[in-house]
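[1] how does the following fold in three dimensions:
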Amino acid sequence: MAFKTDSKRGRVALMIGHCAGMVDLVALPVWVGTLVAQYRFDPQQAGMLASLFLVGAVLASVALAARFDRLNVRLVATLGFGLAALGFGYASTLGDFTTLAVLHALCGMASGAALSATHGTIARSGHPHRLFAIVGMALAVFGIVFMGATPPLVARLGGPVLFQVFAAVMLVAALAAAVAFPVPDAVRTPAQVGARAPLSASVWCGIVGIACMGLVQAMAFSFLERVGSDRGFGAAAVTGVLVALGIVNLAPPALAAWLEKRLVARSVLLGGAALQALLVCVIMLSTQFMPYAIAASVFAAVMIFTHTFAFGLLAQLDRSGRALAATPAMLMTGAAIGPVLGGTLVKAFGYGSLAVAAVAIALLALLCFSRLQGRTASVLARKPT
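    Prediction:
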């Protein structure tokens with residue numbers, strides 16, 4: 001039975017698929033921290049494994065995005081999440097770096113393909129900004145559960161539990177996709193929206209800018225737990241910050257949905273890139289717990305809020321869904337570089353170097369977002385769909 005994007009079952013399937021495919025956005029601190037603390041990899045190796053997962057997702061997304069409007073999206077989502085579940089399940093039985101590296105890359109490719117199908121379908125819905133906000137709220141709830149449950153399980157039962165949790169999440173997403181994954185809405189006026197036309201310069205500027213924010217997000221987020229621990233804030237306090245981060249993440253999607261027609265998308269993107277870099281500076285340079293805790297608690301929220309506006313804007317600029325089917329590539333090109341770049345910088349220069357890198361990358365993001373046409377962004381931020 002075929003479900004539509006505005007059906008309850010279809011939305012639930014998209015929500016679950018978004019949570020599974022974006023697991024890195026929630027799990028990177030625990031992921032990298034577990035690889036360092038439980039598997040005894042150094043920061044560079046741990047960052048490399050996370051990066052390989054993200055590189056795999058980027059490659060799959062790039063390969064599928066241009067063909068999104070020709071795909072059987074239910075099949076792609078079901079097989080992608082199913083194969084990722086098998087890969088993570090097998091990873092939980094292993095401990096050597098080389099095999100784990102191969103499995104991280106393969107799992108990234110599988111889940112990245114499924115996430116491309118998910119995001120492209122959201123982009124081809126009747127109201128992509130609102131639907132992306134809804135799946136963002138689901139991700140926030142998932143983040144609270146994950147951060148509250150997974151670190152204690154890993155501490156008590158060992159590192160393999162992390163991969164078992166990932167496998168379970170991917171399995172649930174595969175089952176949801178098989179049962180209820182919706183059919184993308186048809187492109188109503190192909191001649192008008194240019195379904196097969198090249199992507200515009202504005203779309204590419206948005207893509208590069210979001211990739212830069214994804215790089216800053218992954219680079220800093222990967223070591224958010226480690227910097228707190230290494231500064232002596234204590235495991236319980238740092239875990240509390242991660243749980244608080246998940247709770248705070250409930251607000252940005254709802255707020256973004258409410259403010260869709262009240263804020264200019266271009267202004268949100270510019271402000272988000274600048275604020276993200278400022279928060280990295282506070283997190284990585286603070287020697288006191290309170291500034292670290294406040295900045296860390298809202299860090300992911302900035303990316304979630306900003307990306308919701310970026311998603312809605314790009315969905316309007318490209319109604320074929322091809323640009324946003326590349327959302328995994330858009331986010332994870334930067335995110336794939338982030339963990340290994342962060343690990344290399346930390347290993348060579350310490351945590352302060354991440355603040356310097358974040359500012360430099362944010363300047364590039366600001367340049368890209370500034371090239372979005374102010375008139376277009378303003379009109380689309382207010383235009384009902």
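
[2] quick check: residue 62 vs residue 91, distance?
    Remark: distance between residue 62 and residue 91 (Cβ to Cβ, to the nearest Å) = 24 Å. (C-beta placed from N, C-alpha, C; glycine too.)

[3] what's downstream of the helix or strand where residue 81 lies, the next helix or strand?
    Element membership of residue 81 [criterion: DSSP states H and E] is helix 73-91. Remark: after helix 73-91, the chain's next helix or strand is helix 97-123, criterion DSSP H and E.

[4] residue contacts, residue 331?
    Residue 331 makes contact with 25, 210, 211, 214, 307, according to Cβ atoms under 8 Å, 6 or more residues apart in numbering.

[5] farthest pair in these?
    25 and 211 (14.3 Å; Cβ to Cβ).

[6] about what we covered before: dump the contacts of residue 331 to JSON lines, plus neighbour count and secondary structure.
    Shown next, in JSON lines, are these (neighbours: other Cβ atoms under 10 Å; DSSP: H, G, I helix; E, B strand; the rest coil):
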{"residue": "25", "neighbour count": "25", "secondary structure": "helix"}
{"residue": "210", "neighbour count": "28", "secondary structure": "helix"}
{"residue": "211", "neighbour count": "23", "secondary structure": "helix"}
{"residue": "214", "neighbour count": "29", "secondary structure": "helix"}
{"residue": "307", "neighbour count": "26", "secondary structure": "helix"}
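
[7] just curious, which of those is nearest to residue 247?
    The nearest one, if we look at these relative to residue 247 and count by Cβ to Cβ, is residue 25, at 15.4 Å.

[8] that closest one contacts residue 139, correct?
    Yes - Residue 25 lies in contact with residue 139 (Cβ atoms under 8 Å); the separation is 7.0 Å.

[9] I'd say residue 61 and residue 329 touch.
    Yes - between residue 61 and residue 329 there is a contact under Cβ under 8 Å: 3.8 Å.

[10] what residues are shared contacts of the two?
    With Cβ under 8 Å, 6+ apart, residue 61 and residue 329 have common neighbours 112, 116.

[11] just checking, what packs against the helix or strand that contains residue 16?
    Applying DSSP H and E as the criterion places residue 16 in helix 8-21. Under the contact criterion of 3 or more Cβ pairs under 8 Å, 6 or more residues apart in numbering; DSSP states H and E, helix 8-21 touches strand 3-4, helix 73-91, helix 97-123, helix 128-157, helix 160-180, strand 182-183.

[12] now do it against helix 97-123, angle only.
    Angle, helix 8-21 to helix 97-123, by axes from the mean of the first three to the mean of the last three Cα atoms, to 10 degrees: 150 degrees.

[13] who's in contact with helix 8-21?
    Under Cβ under 8 Å, 6+ apart, the answer for helix 8-21 is 3-5, 26, 57, 77, 81, 84, 111-112, 114-115, 117-119, 121-122, 131, 134-136, 138-139, 142, 169-170, 172-173, 176-177, 179-182, 328.

[14] what residues of that helix count as buried?
    10, 11, 12, 13, 14, 15, 16, 17, 18, 19, 20, 21 (16 or more other Cβ atoms under 10 Å).
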